[in-house]
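predicted model, plus sequence, below.
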Amino acid sequence: MAPDHPGICQGLCSFKQVWLNNMEYLKITDEKFNYVISDKGQGIYKIYSLDNSDKPIPINRVLATDNSGILYIGTTPKRTLQERLSDFRQCVLPQYKGSAHTAGRRYCKIPAFMERFPYTTLAITLKP
């Protein structure tokens, strides 16, 4: 049974929610990925590429460097976070052949992008 943390989860607490509230980034290659992402709600997610210290890699933009390192911001208005992020993973991870996520398809079509931001460095943050 999950601990009760009404301040964090407002009475809808589960182990998944508590774990996600305490994490900074979740790598898409993490074995717990599908377990910790809620299968019951929509939300906003950000995709990053992390360095060896698990910090976002800064991104060169047109006028300056973006130190936040956000590669993509997505939302899930019609599907759950778990479904949408599963689509992304199935596009990007080599063991799958998915194509249902726009950012995932773009990532795979640009070899220089895949070289600069290998799939093993990709991670997400969530705002359910």
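Alright, I've got the coordinates.

buried stuff in stretch 63-75?
For stretch 63-75, a neighbour-count test (16 or more other Cβ atoms under 10 Å) marks 69, 71-72, 74 as buried. (C-beta placed from N, C-alpha, C; glycine too.)

please read the previous query as pertaining to stretch 87-99.
The neighbour-count check on stretch 87-99 (16+ other Cβ under 10 Å) flags 87-93, 98 as buried.

pick out the most distant pair among those.
87 and 93 (11.4 Å; Cβ to Cβ).

flag the shaky bits of this protein, pLDDT-wise.
Scanning the chain for pLDDT under 70 picks out 1-23, 128.

which helices and strands sit right next to the top helix by length along the chain?
Looking across the chain with DSSP state H, the single longest helix is helix 81-92. Helix 81-92 sits against helix 33-36, strand 44-49, helix 102-109, strand 122-127, with contacts defined as 3 or more Cβ pairs under 8 Å, 6 or more residues apart in numbering; DSSP states H and E.

same list, those, but as a markdown table with distance to residue 79 and mean neighbour count please.
Output for the helices and strands packed on helix 81-92, formatted as a markdown table (distance: least, Cβ to Cβ, whole Å; neighbours: other Cβ atoms under 10 Å):
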| stretch | distance to residue 79 | mean neighbour count |
| --- | --- | --- |
| helix 33-36 | 14 | 15 |
| strand 44-49 | 12 | 19 |
| helix 102-109 | 13 | 16 |
| strand 122-127 | 14 | 19 |
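
CSV for those, including distance to residue 78?
Listed next are these as CSV, based on distance: least, Cβ to Cβ, whole Å:
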stretch, distance to residue 78
helix 33-36, 19
strand 44-49, 14
helix 102-109, 14
strand 122-127, 17
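
out of the ones you listed, which is closest to residue 25?
strand 122-127 (4.0 Å).

what angle separates the closest one from helix 102-109?
Using axes from the mean of the first three to the mean of the last three Cα atoms, to 10 degrees, the inter-axis angle of strand 122-127 relative to helix 102-109 is 170 degrees.
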